[in-house]
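Undergrad: Below is the structure, and that's it, no one-letter string:
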């Protein structure tokens with residue numbers, strides 16, 4: 001029977017999805033990560049008509065997805081709009097998300113394979129622990145509508161712990177801090193299940209907005225989100241070292257007073273000042289979750305330390321800032337942005353691991 005099931009698995013895709021606010025990553029069993037693109041769609045603006053009844057919106061046509069859509073952000077013609085269907089880890093536009101998922105699954109079925117894919121795929125989707133059942137049903141319905149035969153939702157911090165190599169057959173704990181684009185999740189994972197966990201909306205995007213507001217207030221300069229993100233990556237550092245030389249960069253935007261293009265030179269100290277408040281919110285969340293962690297697991301946390309995952313974890317100095325406040329070793333995982341999708345891969349490649357996590361976490365289809 002086991003050999004028969006293994007043979008049947010050749011005729012459908014096993015797909016892992018890290019559906020993030022900023023980026024979407026897709027993993028295929030036996031293939032690895034095949035898609036890593038921004039969670040964005042460019043579409044024609046919807047037109048509203050008003051009749052005898054209440055105003056309604058006509059449907060719209062999607063033009064570009066992923067990287068191509070992000071390149072158009074704040075540069076698109078007036079007939080188009082760039083939409084991110086996920087806000088703070090929750091669905092904000094169901095129609096756009098359906099189009100995006102359908103597009104990516106279509107790409108997957110164009111990948112050549114040794115065996116024809118005759119059956120619908122099985123999909124494992126990473127979700128934030130803070131979303132409610134309504135949001136989970138919405139995510140499941142999106143993938144079912146796109147053609148999945150089975151959709152399993154697993155919390156991102158659990159998948160990250162699996163991707164980091166935490167054993168699921170022993171009662172050992174690990175604290176994972178997942179810092180994404182729209183949310184930060186902190187959880188203590190043991191035996192493939194979540195012991196304590198909570199999330200907040202402070203993350204990469206909120207830091208970008210903090211930079212935009214700072215530059216607007218200090219210099220009277222309006223800059224776009226892509227420019228703010230670039231400066232954050234280039235200069236952002238929340239750990240201040242005495243005697244450290246400041247890095248500088250040129251930031252271009254529109255002068256709010258004159259309405260003309262203008263450039264200013266900005267340094268790393270100013271970027272730190274802009275984003276430190278958002279970083280402190282993350283530190284506070286970690287401290288609160290440590291306070292809720294059972295004493296039996298504190299030894300494991302002290303031994304293994306705190307691990308940061310997600311692209312937001314790459315912010316310079318963030319791990320040192322957290323370590324200073326909690327007095328526990330804190331490190332950024334290798335390939336932090338891929339930790340969750342690696343966990344998806346481990347779950348898809350090992351059926352016994354998949355069944356164990358589903359049982360411990362009480363995960364339903």
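TA: Yep, it's here. These numbers come from a predicted model, not from an experiment. Numbers count the residues shown, from 1 in each chain.

Undergrad: Packing partners of the host helix or strand of residue 228?
TA: Residue 228 belongs to helix 225-235 when assigned by DSSP states H and E. With contacts defined as 3 or more Cβ pairs under 8 Å, 6 or more residues apart in numbering; DSSP states H and E, the packing partners of helix 225-235 are helix 204-219, strand 248-255, strand 261-267, helix 268-292. All C-beta spots, glycine's among them, are computed from the backbone N, C-alpha and C.

Undergrad: And the ones you listed: which comes nearest residue 312?
TA: helix 204-219 (4.2 Å; Cβ to Cβ).

Undergrad: List the contacts of that closest one.
TA: By Cβ atoms under 8 Å, 6 or more residues apart in numbering, the residues outside helix 204-219 that reach it are 21-22, 179-182, 221-225, 228-229, 231-232, 236, 251, 253, 256, 264, 266, 270-271, 273-275, 277-279, 311-312, 315.

Undergrad: Show the buried residues in those residues.
TA: Using 16 or more other Cβ atoms under 10 Å as the burial test, these include 21-22, 179-182, 221, 223-224, 228-229, 231-232, 236, 251, 253, 264, 266, 270-271, 274-275, 278-279, 311-312, 315 as buried.

Undergrad: Tell me the helix or strand right after the helix or strand where residue 151 lies.
TA: Taking DSSP H and E as the criterion, residue 151 maps to strand 150-155. As assigned by DSSP H and E, the chain's next helix or strand after strand 150-155 is helix 156-163.

Undergrad: Is residue 76 located within a helix, as I assumed?
TA: No - assessed with DSSP: H, G, I helix; E, B strand; the rest coil, residue 76 is coil; it does not lie in a helix.

Undergrad: how does the chain divide into domains?
TA: 12-44+60-161+338-361, 170-202+277-336, 204-275 (automatic domain parsing).

Undergrad: Start and end of the last one, how far apart?
TA: Its start and end residues considered, domain 204-275 measures 10 Å (Cα to Cα, to the nearest Å).

Undergrad: which one is residue 144 nearest to, not counting chain neighbours?
TA: Nearest in space to residue 144, with sequence neighbours left out and distances taken as Cβ to Cβ, 6 or more residues apart in numbering, is residue 151 at 6.0 Å.

Undergrad: Could you list which residues are in contact with that neighbour?
TA: Here residue 151 is in contact with 123, 125, 139, 140, 143, 144, 365 (Cβ under 8 Å, 6+ apart).

Undergrad: Look up how far residue 264 lies from residue 257.
TA: For residue 257, the distance to residue 264 (Cβ to Cβ, to the nearest Å) stands at 13 Å.

Undergrad: still on that earlier bit, flag every buried residue along the strand holding residue 151.
TA: Of the residues in strand 150-155, those buried by neighbour count under the rule 16+ other Cβ under 10 Å are 151, 152, 153, 154, 155.

Undergrad: And stretch 34-45, by the same measure?
TA: Neighbour-count burial for stretch 34-45, counted by 16+ other Cβ under 10 Å, picks out 35, 36, 37, 38, 39, 40, 41, 42, 43.

Undergrad: Low-confidence ranges, the stretch 251-365 of the chain, go.
TA: Low-confidence regions of the stretch 251-365 of the chain, defined by pLDDT under 70, span residues 361-365.

Undergrad: The stretch 101-250 of the chain too?
TA: 242-243.

Undergrad: rerun at 80
TA: Within the stretch 101-250 of the chain, the ranges that satisfy pLDDT under 80 run 113-118, 168-171, 240-244.
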